[in-house]
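Q: just coords:
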Ligand SMILES: [Zn+2]
Ligand SMILES: [Zn+2]
């Protein structure tokens, strides 16, 4: 007699197939599998826009038009920045917006390989174990972490660690306040809202390590800047920010 498991196998596979069919989770039509992060080729071509120059040399804000020399945008001229530079892999297209939203808020974890591949593909052009010593994800507030059950920044940072061999450390900085209302705030309000949002939580300071700070989206850069400040104040040699997407600042 067949074992109960052998008998059940096709049923289990069928049941799993309902949750993970080899179909694109955006258009729900074309083929896409786990390795592709369940995004088909068509949707990929349509919705993935790698950020190419010209952009602000500090914050990476895309500049529309012809610029031949290196420049910084007016936002960066106004605020004190604690990171050397911030770069994002892709623009905040409707596809990226929806994928990140579903990944974070609906636990659509099958999108993770798609997001991490985009980030790694762009970041690996300038980030290596020769140029950087440490990868740090932007932490979530403990309450939010309990709600979401995972920190998307830490998951992306882990994948960048695997791709580059640069060690990732998660608990250097902690988030002191839950700054969930950020999206409705103006640039100025965001900066004020992020004040003292992070604190150093490791026993010892860093010793001049060149840090890659990772998050899923950067909008005005207030969050990244606030976190970079804590790293700088606690011994980081430099901070480079890398995010999957760059949203438009308010
Ligand atoms: Zn598709
Ligand atoms: Zn800028």
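A: Perfect, I can see it now. Here the structure is a predicted model, which is why all the values come from computation and not from measurement. Residues are numbered from 1 along each chain as shown. Ligands and ions are numbered 1, 2, ... in the order given.

Q: what secondary structure does residue 42 sit in?
A: Following DSSP: H, G, I helix; E, B strand; the rest coil, residue 42 is assigned to helix.

Q: again, but for residue 52
A: Counting by three-state DSSP, the backbone at residue 52 sits in coil.

Q: the helix or strand encompassing residue 189 and ligand 2, are they touching?
A: Assigning secondary structure by DSSP states H and E places residue 189 in helix 187-193. No. Judged by Cβ under 5 Å from the ion, helix 187-193 and ligand 2 are separated, with a smallest distance of 11.7 Å. From N, CA and C alone the C-beta is placed, and that goes for glycine too.

Q: buried stuff in that helix?
A: 190-191, 193 (16 or more other Cβ atoms under 10 Å).

Q: ok, stretch 110-123 next?
A: Here stretch 110-123 shows 110-120, 122-123 as buried, counting by 16+ other Cβ under 10 Å.

Q: pretty sure residue 112 is touching residue 37, no?
A: Yes. Taking Cβ atoms under 8 Å as the definition, residue 112 is a contact partner of residue 37 at 6.6 Å.

Q: flag every residue of this protein that's near ligand 1.
A: Within the chain, the positions near ligand 1 by Cβ under 5 Å from the ion are 24, 26-27, 30, 40, 43.

Q: which of those count as buried?
A: Buried among the residues of the chain next to ligand 1 by 16+ other Cβ under 10 Å: 24, 26, 40, 43.

Q: widest-spaced pair of those?
A: By the measure Cβ to Cβ, those have their two most distant members at 26 and 40, which lie 7.4 Å apart.

Q: looks like residue 34 contacts residue 110 (just checking).
A: Yes. Here residue 34 reaches residue 110: they are 6.9 Å apart, a contact under Cβ under 8 Å.

Q: outside of stretch 37-51, which residues touch it?
A: For stretch 37-51, contacts defined as Cβ atoms under 8 Å, 6 or more residues apart in numbering pick out 20, 23-27, 29-32, 36, 60, 62, 87-91, 93-96, 99, 110-115, 117-118, 121-122, 246.

Q: switch to 6 Å and redo it
A: 24-27, 30, 32, 62, 88, 90-91, 93, 95, 110-111, 113-114 (Cβ atoms under 6 Å, 6 or more residues apart in numbering).

Q: and stretch 107-117, by the same measure?
A: Stretch 107-117 has contacts (Cβ under 6 Å, 6+ apart) with 37-39, 99, 102-103, 156, 159, 244.

Q: pick the one among these closest to ligand 1.
A: residue 39 (6.2 Å; Cβ to the ion).

Q: so the closest one: helix, strand or coil?
A: Going by three-state DSSP, the secondary structure assigned to residue 39 is coil.
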